[in-house]
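*Asks:* Pasting the sequence and the predicted model now:
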Amino acid sequence: MTGQPTRPRVCFIVESGTDVRLVEGLAARVTLQVLARDIPGGRAVSQPTDCPVSIASSGRLAFAWAAFTTIRRSSADAVLVQGHGIAALAANLAARTKRVPCWMLICSPAAEYYEARRIAGQSFSSATLGAIRLLGRINGYAGQGYVVLSRYLRDVVRQYDARHAIHIIPVYGVDLAHFSPADRAQARAIRGLPADGAVVFNSSRVAPEKDVLTLIEAFKVLLAERRDVYLLNRSGGFREFLACAERAGLGSRVIASDAEDPRRELPFDYASADVCVQASRAEGLGFSVLEALACGTPVVATAVGGLVETVKDGVTGWTVPPGNAAALASALRDVLDHPEEAHRRADAGRKLVHSQYESTAAFDALAALLRASPSVRARSPDPEQPDPGRPDPGRSSPGAAIEQGHYYRKQLGCDSSVIAWSHRSRFEVGLGLIGAAPRKLLDYGCGDGTFLAMAAGRIGTGCGADIDTGQTEDARRRLAGFTNLQFCTIPDLSAPVHSSAYDVVTCMETLEHCVEDVVQIVLRDLARLVAPDGRVIISVPIETGPTFLLKLLVRKAAAWRGLSDYRHYEPYSAASAWRMIVAGRRGPIPRPVHGAPPSHSHYGFNWKALREQVREHLVIESTRFSPLGFSRGLASSQAWFVCRPMRSR
């Protein structure tokens, strides 16, 4: 069997309406199930489509329940859910129970959009704003990862969640075969627009965050200068736009109608216009300006949010402060009075769109992310040629190869749901902390290679190193299908080729097992192996404080059930247990040494004492905790040290 990759089964949860291009583009690449909330007076999908869409209750709580039950009953390999609100929380929880990945699709900054109501003088509640932010944080704990449109939205998400993976994908992008320069006179004739005069185009609805009122005020300034100019608006809220224009005394110079189908008429509107305006107070990316630039139409935009990533003043367009009608009018005047400069900037913008926002590339990136689900890989036919993170022909699937490892069988696949959840959470945190697409990753103390295999699809190349020759040989054999991974022993890392060679070095659940002299050797190694501008990510178990008691109970329950080797866990005396509970920065009790080479179990380990040792070799930028990060280590099972090499300071 050769040829086409397996189509992932994706459940797409739409809480606040979505663009038809996203639905149809996904449906062309995945087996898509869409559940959308009914929007009274609006549209769940922007335009009619042949793709099946199930419409659920307009109430947000009722819709969240519908999302939860739909995912629970589905056979989806992955879930894509819009936003990080109540429906996203339901989707995240349902996906966890199904053990499938759930990606939150963030297209706009929800809190910033709501704050625009206060700036615009509309009804505003601090409690509602707090609830929006709280839901963002809760989803940060419950979620697994994000797809965002821009670097700006990545930074917004990082305010709520510092640990999960964030992928910047401009979802449906811009169809360059459809949005392209065209003859202006011909386009105006097709759209029935005035043959003479300048046209200022805007496709924003009337909403506080879009701030069309400032645009109307700026346009009023142009008319006061007796310019032959028209304001064109195509949006779902065009009637309200017309009413605002009438109140401003601009009715005869404003043309407005319903939002046009982006698959058909919309490109002619861009081609008809002398300039496209986006006057938003907040914006996730701004597809309108991208589509305008693709059509060779000059753009003026406010310097907010994701707009500043595409509209660069003096390069690809004009930027103005938000809410400043005088500045906006001045920029529009500059565009209309200097057509050659406007053309130069628009041409530079068109090249930017071609290089970074082409629709096929965007959809392929999104489909590849959804296809990375372990259940899809398990169903995948043998590919014609290997890709990074995908097995060679004839090899077992990645999911099966991972599940055959000793660590997976003992921890991730443990019959104790608490133990399995804790360890899965640790790997999710680790995957989030390695960041977006590091070129080279080293997993120091890789064990059976489980983490490195899970990270294979998001890194350039990876190296796993362990002191146990048997484990490295097993990992090399079992994970041979991952063409971008290699394995070696820790002594092999002394070769000069490894020094300062890795963008990210992880050392997870290793240092707690090392005797004192070896701890120092490992920390020196980590500092030597990481690149000057790289990161070292260390995780160790928390075996002190209230967590100690919780773990003691869970381990005793696991031992009673005869699970794994927990029945061999060393018991604590009452005095030793008390010292573990109240432990400070020093090792509270002597730690027994086992085997050859000598090593420790978790018994008596103090993460706070280790943190002081790490600081002797690396700069700790942050200390984090999982799986319950908000507990600050009081009820979490792992501590994380995110470090930089000292020489980078």
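*Replies:* Here it is on my side, so go on. Remember, it's a predicted structure, so these values are computed and weren't measured experimentally.
*Asks:* quick check: longest strand of this structure.
*Replies:* strand 530-541 (DSSP state E).
*Asks:* chain center to that one: distance?
*Replies:* 21 Å (CA atoms, centre = their mean, to the nearest Å).
*Asks:* so for it, what's the average pLDDT?
*Replies:* For strand 530-541, mean pLDDT rounds to 93.
*Asks:* Flag every buried residue along it.
*Replies:* Residues 530, 531, 534, 535, 536, 537, 538, 539, 540, 541 are the ones in strand 530-541 that count as buried (16 or more other CB atoms under 10 Å). Where you see a C-beta, it was placed from the backbone N, CA and C, and this is true even at glycine.
*Asks:* With respect to residue 215, which of those is nearest?
*Replies:* residue 535 (43.8 Å; CB to CB).
*Asks:* element containing the nearest residue to that closest one once chain neighbours are set aside?
*Replies:* Distances taken as CB to CB, 6 or more residues apart in numbering put residue 504 closest to residue 535, at 5.3 Å, once the chain neighbours are dropped. Assessed by DSSP states H and E, residue 504 sits inside strand 502-508.
*Asks:* Summarise which helices and strands that strand is packed against.
*Replies:* If you count contacts as 3 or more CB pairs under 8 Å, 6 or more residues apart in numbering; DSSP states H and E, strand 502-508 packs onto helix 417-433, strand 440-444, helix 516-529, strand 530-541.
*Asks:* Would you reformat those as a markdown table and include distance to residue 56?
*Replies:* Formatted as a markdown table, the helices and strands packed on strand 502-508 follow (distance: least, CB to CB, whole Å):
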| stretch | distance to residue 56 |
| --- | --- |
| helix 417-433 | 29 |
| strand 440-444 | 41 |
| helix 516-529 | 50 |
| strand 530-541 | 40 |
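*Asks:* most packed of these?
*Replies:* Most buried of the helices and strands packed on strand 502-508, by mean neighbour count (mean count of other CB atoms under 10 Å): strand 440-444, with a mean of 25.
*Asks:* circling back: name the residues that touch the longest strand of the chain?
*Replies:* Around strand 530-541, the neighbours that count as contacts under CB atoms under 8 Å, 6 or more residues apart in numbering are 426, 429-430, 433-435, 500-509, 511-512, 526-527, 602, 605, 607, 610, 614, 618, 637-645, 647-648.
*Asks:* 6 Å - rerun?
*Replies:* 433, 500, 502-508, 511-512, 526, 602, 607, 610, 618, 638-643, 645, 647-648 (CB atoms under 6 Å, 6 or more residues apart in numbering).
*Asks:* so where do the helices sit in the stretch 301-450 of the chain?
*Replies:* 325-337, 339-356, 359-371, 374-379, 398-403, 406-407, 417-433, 450-455 (DSSP state H, counting those that start in this stretch).
*Asks:* Could you tell me the average pLDDT over the shortest one, please?
*Replies:* In this case it means helix 406-407. Averaging pLDDT along helix 406-407 yields 58.
*Asks:* Low-confidence ranges, this structure, go.
*Replies:* Along the chain, segments meeting pLDDT under 70 span 1-5, 374-425, 436-437, 551-552, 554-570, 586-588, 628-633, 635, 647-649.
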